[in-house]
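# here is a sequence with its predicted model. Questions after.
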Amino acid sequence: RVQLVESGGGSVQAGGSLTLSCAASGYNYCRFDMSWYRQAPGKEREFVSGMDSVGEKTTADFVEGRFTISQDAAKRTLYLQMNSLKPEDAAMYYCKISRRVCPYGNTAMEYWGKGTLVTISS
């Protein structure tokens, strides 16, 4: 069974920075395709950035170079470095696993963390 624990959210002034972390546990011999999503109050959950098991990255257009996704494979942790934060970046940020890549085969899956809250003051 997989578990995801997000951390790093908090309150920051507009223009500031935060780094979110998402630690995965379970399926010890597997790698994961992982991504960050966010959901602001009253809005749909939206994709922010993703990284697959071999390090290929995708990023939403609205990021405009402000956010950087990375991973520590040994720690099985996904990061999201967010710079130049804007009030519209305020949201609950969620980590998601969409696939596990294992020695015995790959399996699509959908597993979400509980989220970490980012608030922005102007």
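All right, it came through fine.

# for the protein, longest strand please?
strand 91-102 (DSSP state E).

# can I get the helix or strand following it in PDB, CA atoms only?
Sequence-wise, the next helix or strand downstream of strand 91-102 (DSSP states H and E) is strand 105-112. These are the backbone C-alpha positions of strand 105-112, laid out as PDB (Å, rounded to 0.1, in the frame of the first residue of the first chain):
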ATOM      1  CA  GLY A 105       5.700  -4.500 -14.200                       C
ATOM      2  CA  ASN A 106       4.000  -1.000 -14.300                       C
ATOM      3  CA  THR A 107       0.600  -0.300 -12.900                       C
ATOM      4  CA  ALA A 108      -1.600   2.800 -13.400                       C
ATOM      5  CA  MET A 109      -3.000   4.000 -10.200                       C
ATOM      6  CA  GLU A 110      -4.500   7.100  -8.700                       C
ATOM      7  CA  TYR A 111      -3.500   8.000  -5.200                       C
ATOM      8  CA  TRP A 112      -3.700  11.400  -3.500                       C
END
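
# what are the contacting residues of the next helix or strand after strand 105-112?
Next helix or strand after strand 105-112 toward the C-terminus (DSSP H and E): strand 116-121. The contact list for strand 116-121 (C-beta atoms under 8 Å, 6 or more residues apart in numbering) reads 6-14, 16, 18, 20, 38, 82, 85-93. Heads up, the C-betas are built off the backbone N, CA and C, glycines and all.
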